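Trainee: what follows is a predicted protein model with its sequence.
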Amino acid sequence: MSRLRVQIMNQFDRRSHEYKALKRYWKLIQQDSRKLSDKRFYRPTFRSHLTNKEVLEKLLSYSQELR
């Protein structure tokens, strides 16, 4: 899964929002989705308060290969 994430990251420009989000929240992609927290935190990358599940959904929406 890690290699796939890196391949997808390399498709984006290094200054893009998608690249930075995938780089920062890579651990969420590897975690079991049933164990993710429902508590909201401010996420500077997305400039809003999101749960880990919401962040994961946004990351997975960047590429069909990640789903």
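Mentor: That came through, no problem.

Trainee: identify the residues contacting the residue lying closest to S33 once chain neighbours are set aside.
Mentor: What sits nearest to S33 in space, not counting adjacent residues and going by Cβ to Cβ, 6 or more residues apart in numbering, is L56, at 6.6 Å. Where C-beta positions appear, they are placed from N, C-alpha and C, glycine not excepted. Contacts here follow Cβ atoms under 8 Å, 6 or more residues apart in numbering; on that basis L56 touches Y25, L28, I29, S33, L36.

Trainee: least confident pick among the residues you listed?
Mentor: Lowest pLDDT of these: S33, 89.

Trainee: doesn't E54 make contact with that residue?
Mentor: No - taking contacts as Cβ atoms under 8 Å, S33 lies outside contact range of E54: 11.7 Å.

Trainee: neighbour-wise, which of the two wins?
Mentor: Legend: neighbour count by other Cβ atoms under 10 Å for S33 and E54, higher for E54 (16 against 12).

Trainee: for that one, phi and psi?
Mentor: phi -70, psi -40 (degrees, to the nearest 10).

Trainee: buried residues in stretch 36-55?
Mentor: Buried residues in stretch 36-55, counted by 16 or more other Cβ atoms under 10 Å: R43, L50, N52, E54, V55.

Trainee: how about the contacts made by H49?
Mentor: R40, F41, Y42, R43.
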